[in-house]
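A.B. asks: structure for this input, please:
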Amino acid sequence: MTMKKNIKARIEKLRISMREEGVTAYLIVSDDFHGSEYVCDYFKCREYISGFTGSAGTIVVTQDEAKLWTDGRYFLQAKEQLRGSGISLMKMGEKGNLTVQEYLANILQDGESLGYDGRTIRTDYANSIKSALTGKEIEYKEDIDLVGAIWRKRPEFPNEPIWLLKKKYTGRSRKQKLKYLRDEMNRIGVDAVLIVSLDDIAWLYNLRGDDMKYSPVALSYTIVYQDKAVLYRNEETIGKQIAKEFEKDKIKVAPYFQIYEDIGKLKDISLLIDERTVNVTLRNKIPANVRVFNHMNPITLAKAKKNDIEMKNERQAHLLDGVAVTKLIYWLKKRYRAGKIDQVTEWDVCKKLEVLRQMGEGYLQQSFAPIVAAGSHGAIVHYAPTKKNNSPLQENTFVLLDTGGQYLYGTTDVTRTVALGELTREQKEQYTAVLRGHLNLAASIFPYGCTGANIDCLARGPLWELGLDFKHGTGHGVGYLLNVHEGPTGIRLRESDGSAGVVLDEGMLISNEPGYYEEGQYGIRIENLMFCRKRNRTDYGQFMRFEMLTMVPYDREAILPEMMSEEEIRLLNWYHAVVYEKLELYMNAPEKKWLKNQTRSIEKKKLY
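C.D. replies: Predicted structure coming up:
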């Protein structure tokens, strides 16, 4: 209860500051100054003021109420964490729940004001709010960090050294990437590009950093001109050797916050920005005589299409990761057979997997907070145990393992749902339906030009047959030693902006993760990463396919072969044969024996 009291006290302090600043409603988002999904501790204002620890969420505070919006991944988590705080949960996408924009349009009246720290608000998001408030005389106070003003002992602003990736990992030099970008600038017809997204900057300059957990990026901005570039990053974090390399490529280094001054000094040029990532404060400082083109940064799409070297390296990363995760599953099954599974906690599993991953060549860190969810915790889509808050594993149900690693060879993300003991017929039916959808999506063949929305139904179809579904996307893009969630591609029922989505193209690294969640009981999710690849060309054009990368067996104890088609069983047996072939050399004798049994062929049972 102490935490809930702290949250109430913080909100009351915020309301006092709001009254002093003349703010009617104050908006707090999850972003840093760069629109990042995962942020370092310094930027966790929304978490500080609400107690909700999910990666996605927005809170609006007025003098009378506070409301927090989040998506279906976090409904159960938010419900629990907000209990007793006085903050109401708004379920995004659910019938009867207003959007942030609709809520603000309802409560704000002429002469009132909306406040926020414009450095954390993306321009397109601010524009959507202003559009919803069209016709009202609302004052926008866009440069006030009211949470920062009341945040005692706020974590330090990160300032870690950066490091560079060699071409043997990136496949393309910094010089080659700058040439590509400038060629695209010429094609679009602009003099300069402002880039604020951290993964795009890291990819362009082949740099990485340690400013935040899980995503090896460095807080920075850059402006690229036709004949030079400026990287806004504090100089003390850049070693002399790196500075020399940058100088060869005509990249000047300037202090991080100098971007806000320099952007205001631009004159009579054409500037490309992406308002989905550029924050309001930066956008407002661009002079009126600068011709602004709002366009997706060309790097974003280029980064999503992995080159041959990156694809080769990612296969190695997934082999190493498959060894670690498979050894973990064997360890769990062994503890269950010994009658000791209830002596293993979720946190124990996290620590065990980290030890196993550290044995892999080139392993650096986790790619996100590991999801190890026993029993009912599995229904909380993004549940993550901590050392202080975790539970023992349970018999006769599932444990859901969604984890990933950052290797010099690339980024991984894998989910397996493991049966610990006897399952009910219903649980097996649900697991098998999730597995069928997962296999069907992986085996799909489609003409070039399709987006994720065109094929999403393949993953959901078997669940729909049972009248079931899941509330998260089926797949997300993944970076190369970058963000585990990378745009612009994805596999989902529909795009939130109403567009058709991004075309699936050669080299895109994407996840395949259907699931099912029984609130208060268990969760099921199965995830592999895949490359989108060219298949064959016919009179009807180019056809595409997927190449599965993840090498971890599925749990045969949870499978009902009679629910599967002959083709689905063929796919399952083929995949298991490949997993065994790839992993057997890395297993000791008992592990190898178990793996051979786990991956043996399954035959379809006839129904009578």
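A.B. asks: just to check, Cys350 is in contact with Pro370?
C.D. replies: Yes. Counting by CB atoms under 8 Å, Cys350 touches Pro370, with 4.8 Å between them. Any C-beta I mention is one placed from the backbone N, CA and C, and that applies to glycine too.
A.B. asks: which residues do these two both contact?
C.D. replies: Residues touching both Cys350 and Pro370 (CB atoms under 8 Å, 6 or more residues apart in numbering) are Pro385.
A.B. asks: give me the number of residues near Leu282?
C.D. replies: 21 (other CB atoms under 10 Å).
A.B. asks: give the contact list for the residue most central in space within the chain.
C.D. replies: The chain has His485 as the residue nearest its centroid, 2.9 Å off, counting by CA atoms, centre = their mean. Residues counted as contacts of His485 (CB under 8 Å, 6+ apart) are Glu37, His476, Gly477, Val478.
A.B. asks: next one: it from Gly239, what distance?
C.D. replies: 30 Å (CB to CB, to the nearest Å).
A.B. asks: would you put the C-alpha positions of stretch 113-125 in CSV?
C.D. replies: What follows is stretch 113-125, C-alpha atoms only, in CSV (Å, rounded to 0.1, in the frame of the first residue of the first chain):
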residue,chain,number,x,y,z
SER,A,113,-5.1,24.6,-21.6
LEU,A,114,-3.2,21.3,-22.3
GLY,A,115,0.3,20.9,-21.1
TYR,A,116,3.1,18.4,-21.9
ASP,A,117,6.9,18.2,-22.3
GLY,A,118,7.1,18.7,-26.1
ARG,A,119,10.4,16.9,-26.3
THR,A,120,8.6,13.6,-25.4
ILE,A,121,5.6,14.1,-27.7
ARG,A,122,5.9,13.0,-31.4
THR,A,123,4.7,15.6,-33.8
ASP,A,124,2.1,13.4,-35.5
TYR,A,125,0.6,12.5,-32.1
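A.B. asks: what mean pLDDT does it have?
C.D. replies: For stretch 113-125, the mean pLDDT works out to 97.
A.B. asks: shouldn't Arg535 be within a helix?
C.D. replies: No. Arg535 is assigned strand when assessed by DSSP: H, G, I helix; E, B strand; the rest coil, not a helix.
A.B. asks: residues near it, how many?
C.D. replies: Around Arg535 there are 14 residues (other CB under 10 Å).
A.B. asks: right, and it touches Phe546 too?
C.D. replies: No. With contact defined as CB under 8 Å, Arg535 does not count as touching Phe546 (9.5 Å).
A.B. asks: and Ser601, helix, strand or coil?
C.D. replies: Applying three-state DSSP: Ser601 is coil.
A.B. asks: number of nearby residues for the closest residue to it other than its chain neighbours?
C.D. replies: Distance criterion CB to CB, 6 or more residues apart in numbering; nearest residue to Ser601, sequence neighbours excluded, is Asn573 at 4.6 Å. Counted with other CB under 10 Å, residues neighbouring Asn573 total 15.
A.B. asks: for Asn573, what is the enclosing helix or strand?
C.D. replies: Element membership for Asn573, per DSSP states H and E: helix 566-583.
A.B. asks: before we move on, back to that, which of the contacts of His485 lies closest to Thr411?
C.D. replies: Ranked by distance to Thr411 (CB to CB), the contacts of His485 are led by Val478 at 5.5 Å.
A.B. asks: from His476, how far off is Gln406?
C.D. replies: 16 Å.
A.B. asks: just Glu235 next, same as before
C.D. replies: Glu235 is 35 Å from His476, by CB to CB.
A.B. asks: pLDDT at the nearest residue to Arg208 once chain neighbours are set aside, what is it?
C.D. replies: Closest residue to Arg208 apart from its sequence neighbours, by CB to CB, 6+ apart: Pro216 at 4.3 Å. pLDDT recorded at Pro216 is 97.
A.B. asks: what's near enough to touch His272?
C.D. replies: For the record, residue 272 is Leu, not His. Met185, Ile188, Val190, Ala192, Val193, Leu194, Phe293, His295, Asn297.
A.B. asks: kindly recompute the last result at 10 Å.
C.D. replies: By CB atoms under 10 Å, 6 or more residues apart in numbering, the contact set of Leu272 is 181, 184-185, 188-195, 224, 291-298.
A.B. asks: cheers, nothing more for now.
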